[in-house]
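S.K.: my questions are about this predicted structure, shown below with the sequence.
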Amino acid sequence: MIMENAYDELLQNAAKTIVENNLEDICTDDVEIIPCNASVLIMPYEKNPYRQMITTASGIIVGAESSKTYKSNETGEIEQNVDVIHCGKVIAHGPDCKNVEDGDDVFYTTYSMTPVPFRKKGYVMVGENLLICRIVKKK
């Protein structure tokens, strides 16, 4: 029993030391995030703002977001839908980017994105060459 208490105390002290050594807060207002090379920093939209929804004469809504779950024809189980294409706003772009500007809306695939853990903002990084397209106003 004494050994277990000593071991537990040792673990608690180790955990406390790790937490104390990693509490430095560098998330102050004097830092910013700047993508390198041809990388694009994107803030994903919750829902695609460019989805067009049309109600037909018979009342069918065309273009509505699909269900988050579906019944698999192969297994018969309820499965989760995977959204492959996302839309987001360009927050910043690297110096080598030639086709996007800050503020552009872009489409990208989930396979090409890398989550960026910066201030819990939900940013993702995508290489400019992996973007599907950007949305621009007609001239």
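M.R.: Cool, the structure landed.

S.K.: the most centrally placed residue in the chain: what's it in contact with?
M.R.: Most central in the chain under CA atoms, centre = their mean is Val124, positioned 4.5 Å from the mean C-alpha point. Going by CB atoms under 8 Å, 6 or more residues apart in numbering, Val124 touches 41-42, 44, 88, 108, 113-116. (Glycine included, C-beta is placed from N, CA and C.)

S.K.: now do the same for Leu41: helix, strand or coil?
M.R.: Here Leu41 is strand, with the state taken from DSSP: H, G, I helix; E, B strand; the rest coil.

S.K.: so where is the protein shaky, pLDDT-wise?
M.R.: Applying pLDDT under 70 to the chain flags residues 1-4, 22-29, 52-54, 59-71, 80-82.

S.K.: list the contacts of the longest strand along it.
M.R.: Longest strand of the chain, by residue count under DSSP state E: strand 85-93. Residues outside strand 85-93 that contact it (CB under 8 Å, 6+ apart): 33-35, 39-45, 48-50, 100-110, 113, 123-124, 128, 132, 134-135.

S.K.: and the host helix or strand of Asp8, how far out from the chain middle?
M.R.: Asp8 belongs to helix 2-21 when elements are defined using DSSP states H and E. Computed by CA atoms, centre = their mean, to the nearest Å, the chain-centroid distance of helix 2-21 equals 36 Å.

S.K.: using PDB, write out every CA atom in that helix.
M.R.: What follows is helix 2-21, C-alpha atoms only, in PDB (Å, rounded to 0.1, in the frame of the first residue of the first chain):
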ATOM      1  CA  ILE A   2       2.800   2.400   0.800                       C
ATOM      2  CA  MET A   3       4.400   1.600  -2.500                       C
ATOM      3  CA  GLU A   4       1.200   2.300  -4.400                       C
ATOM      4  CA  ASN A   5       0.900   5.700  -2.700                       C
ATOM      5  CA  ALA A   6       4.500   6.600  -3.400                       C
ATOM      6  CA  TYR A   7       4.000   5.600  -7.100                       C
ATOM      7  CA  ASP A   8       0.800   7.600  -7.300                       C
ATOM      8  CA  GLU A   9       2.500  10.600  -5.700                       C
ATOM      9  CA  LEU A  10       5.400  10.200  -8.200                       C
ATOM     10  CA  LEU A  11       3.000  10.200 -11.100                       C
ATOM     11  CA  GLN A  12       1.100  13.200  -9.800                       C
ATOM     12  CA  ASN A  13       4.300  15.200  -9.300                       C
ATOM     13  CA  ALA A  14       5.500  14.300 -12.800                       C
ATOM     14  CA  ALA A  15       2.100  15.400 -14.300                       C
ATOM     15  CA  LYS A  16       2.300  18.600 -12.300                       C
ATOM     16  CA  THR A  17       5.800  19.300 -13.600                       C
ATOM     17  CA  ILE A  18       4.700  18.800 -17.200                       C
ATOM     18  CA  VAL A  19       1.800  21.100 -16.800                       C
ATOM     19  CA  GLU A  20       3.900  23.800 -15.100                       C
ATOM     20  CA  ASN A  21       6.600  23.600 -17.800                       C
END
